[in-house]
Structure formats: C-alpha cells, structure tokens
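Q: Sequence and predicted structure, then a few things I'm wondering about:
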Amino acid sequence: MTDEPLPPRTAAVIPAAGRGVRLGPGAPKALRTLNGTPMLVHAVRAMAASNAVSLVVVVAPPDDTPSVKSLLTDLALPDRTEVVVVPGGDTRQESVRRGLDALPDDIGVVLVHDAARPLVPVDTVDAVIDAVRDGAPAVVPALPLADTVKEVEPGRGPEPVVATPERARLRAVQTPQGFDRATLLRAHDAIAADGEGATDCAGMVERLGEPVVVVPGHEEAFKVTRPLDLVLAEAVLARRRANDGF
Ligand SMILES: Nc1ccn([C@@H]2O[C@H](COP(=O)(O)OP(=O)(O)OP(=O)(O)O)[C@@H](O)[C@H]2O)c(=O)n1
Ligand SMILES: C[C@](O)(CO)[C@H](O)COP(=O)(O)O
C-alpha cells in the first residue's frame, strides 16, 4: 500500500482472446452472440456504463484483431469512453499483460474484466472502483457458494476426498477485479519472473503478500463458460428488456 495519490483515470482491460473450448465449436467465445450481439460488445458496454471508466482496452483473439477493431469502431459509446484494441496471447495472464502494456501513464485504477462475463451490472463495477479509490490495492467481487465444495486428489476413476472446506468462509470470485495499477504491474512482473501462472489477477497480488478485499458480486456477473450459460445469459437479457426496455 502507498499513500501517494493515484493517477486520475480508470481503465478497464478486457481479456477476450480465449477460444471458448468449453463452449464448443464455433467462433472465439467473445465473438459469439447473445441475442444477436457479440458477447464482447455487451462486455465493453458494461464497462463503459460506469462514469468512472474513460478507457477500455480490449485484448482480442490475434487472428480477429482487425475485425474486432472495426466492430468496436462502429459502436455507440459515451463520449468519455476511448477504446483501444490489442492482440492477445496464449493464456489469460499473457493477454492481461498485453492489455496492461497498452495503458497510458495517467491511469491509476485498472479493472480487469472477462469478456466472458458480459452482463455484469454497473453497480458492481462502481463498487469495485470505489473500493480501490478508497485505498484497497486489490478488490474482487464475489458471491457465497450454493454448493458444498470438496478438495480431492485429482486422478482417474473415483477421486479420494481430501477435505471439505467450511462453506461459509468460501466465495466464488467474479470480475471486474480492480487494482491500483502499480500493484497489478508488480504482481504480473513477479509471476512472469517465477514462471507460475494464476487463474485470476487477484491471486497474483495475494502472492505478493498485498491485501485483497472482497465486495459483493452479482448473480448476473456469471461467466459464460458452457453451452447452458448461453441460455441463461439470453434469459437475463430478455428479463432486462421486459423490465426496463434495455
Ligand atoms: N489466451 C487467452 C485465454 C483467455 N482469455 C480471456 O479470459 C477470459 C476468461 O477465460 P475463459 O472464460 O476461460 O475463456 P476461454 O479461455 O476462451 O475458455 P475455455 O477455457 O473454455 O477455452 C475470457 O474473456 C477469455 O477470452 C484471453 O484473453 N486470452
Ligand atoms: C478470473 C475468473 O473469472 C475469476 O473467477 C476466473 O478465474 C477465470 O478462469 P478461466 O478458467 O480463465 O475462465
């Protein structure tokens, strides 16, 4: 932690370069559509909905970078929102790193948001930003679990259960995850140096020994991972349209 004031602007980095293997054959996941609109477009709009976000860096599938650029050039967004597109890497971590490398110096707060979580509400985005601006170096939105979780010894056949963590202490972590930029860069540098990956950026900050805090997540911020998630996402959009003409 530092008492230095953060540079003024907030940016959202959207890793969108994954293939979506668990979703099945088709276009890269971020370009698959929900009610006719690419998931990535929903995700960009979700970040741009926050008055605090003035830059969105999209990390695109390398082969699709030109088409993602033209898709987003034509998108109507608030005047405050600048969009930059860069090609992604082989892993989520590498893609995030490429997005971070594209940030200008006046960015103090960085959100990292999966394109695969296209429906996160703006109140969740703002809660994460506010917590970083209030002094937390790393903030994650998260929800309590509905299922009991077992730790197993992975292998073929029936897997022996090793432990049952106390469910009340567990949280399922979503995005956007928010960071003071210097801390996130330090975390990425440290992970790159020791060669070990992490499944989310907050996990890298934890390894630095820096505090990570949780704010309430939202059920509509779920990750589109498997085919059934597409059905749920389209149902959420239909409910929004019915409720408020969104
Ligand atoms: N090389 C990669 C891999 C993933 N991602 C992004 O990281 C986010 C979370 O990853 P995930 O949901 O696992 O997406 P995929 O890697 O596409 O999914 P799968 O593992 O099923 O292939 C997604 O927005 C995805 O596009 C990325 O930018 N670059
Ligand atoms: C970052 C994340 O969405 C937090 O839950 C998650 O770890 C991404 O995992 P994935 O396997 O790359 O989808």
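A: Perfect, I can see it now. Values in this document were obtained by computation on a predicted structure and should not be read as measured data. Numbers count the residues shown, from 1 in each chain. Ligands and ions are numbered 1, 2, ... in the order given.
Q: All the strands of this structure, in order from the start?
A: Here the chain has its strands, by DSSP state E, at 9-15, 33-34, 37-38, 53-60, 82-87, 107-112, 138-144, 151-152, 161-163, 171-173, 177-180, 213-216.
Q: how about those strands, which one is nearest ligand 1?
A: Nearest to ligand 1, of all the strands of the chain, is strand 9-15, at 3.1 Å by C-beta to the nearest ligand atom. Just so you know, the C-beta spots here come from the backbone N, C-alpha and C atoms, and that holds for glycine as well.
Q: For that closest one, give me every contacting residue.
A: Residues from elsewhere that reach strand 9-15 (C-beta atoms under 8 Å, 6 or more residues apart in numbering): 40, 43-44, 47, 50, 52-59, 88, 92, 95-96, 99-100, 103-104, 106-115, 129, 176.
Q: got the angle between the worst-scoring helix or strand of the chain on mean pLDDT and strand 9-15?
A: Using mean pLDDT, DSSP states H and E, helix 181-194 stands out as the lowest-scoring helix or strand of the chain, at a mean of 92. Calculated by axes from the mean of the first three to the mean of the last three C-alpha atoms, to 10 degrees, helix 181-194 forms an angle of 30 degrees with strand 9-15.
Q: could you say what helices and strands helix 181-194 packs with?
A: helix 92-101, strand 107-112, helix 201-208 (3 or more C-beta pairs under 8 Å, 6 or more residues apart in numbering; DSSP states H and E).
Q: Which members of the contacts of strand 9-15 additionally contact ligand 1?
A: 59, 88, 92, 95, 114-115 (C-beta under 6 Å from any ligand atom).
Q: follow-up on the earlier one: restrict the contacts of strand 9-15 to the buried ones and give me that as a PyMOL selection.
A: To isolate the buried subset of the contacts of strand 9-15 in PyMOL, counting by 16 or more other C-beta atoms under 10 Å, use the following:
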select buried, resi 40+43+44+47+50+52+53+54+55+56+57+58+59+88+92+95+96+99+100+103+107+108+109+110+111+112+113+114+115+129+176
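Q: Kindly state the beta-bridge partners for Val140.
A: On DSSP bridges, the residues paired with Val140 through beta bridges are Val214.
Q: Would you agree it is in contact with Ala172?
A: No - between Val140 and Ala172 there is no contact under C-beta atoms under 8 Å: 10.2 Å.
Q: the more surrounded of the two?
A: Between Val140 and Ala172, counted using other C-beta atoms under 10 Å, the more crowded position is Val140 (25 against 15).
Q: show me what contacts the more buried one?
A: 128, 173-175, 177-178, 200, 202, 212-215.
Q: what's the burial count for the closest residue to Gly26 other than its chain neighbours?
A: Distances taken as C-beta to C-beta, 6 or more residues apart in numbering place Arg32 nearest to Gly26, at 6.0 Å, with adjacent residues excluded. Number of residues near Arg32 (other C-beta under 10 Å) recorded here: 17.
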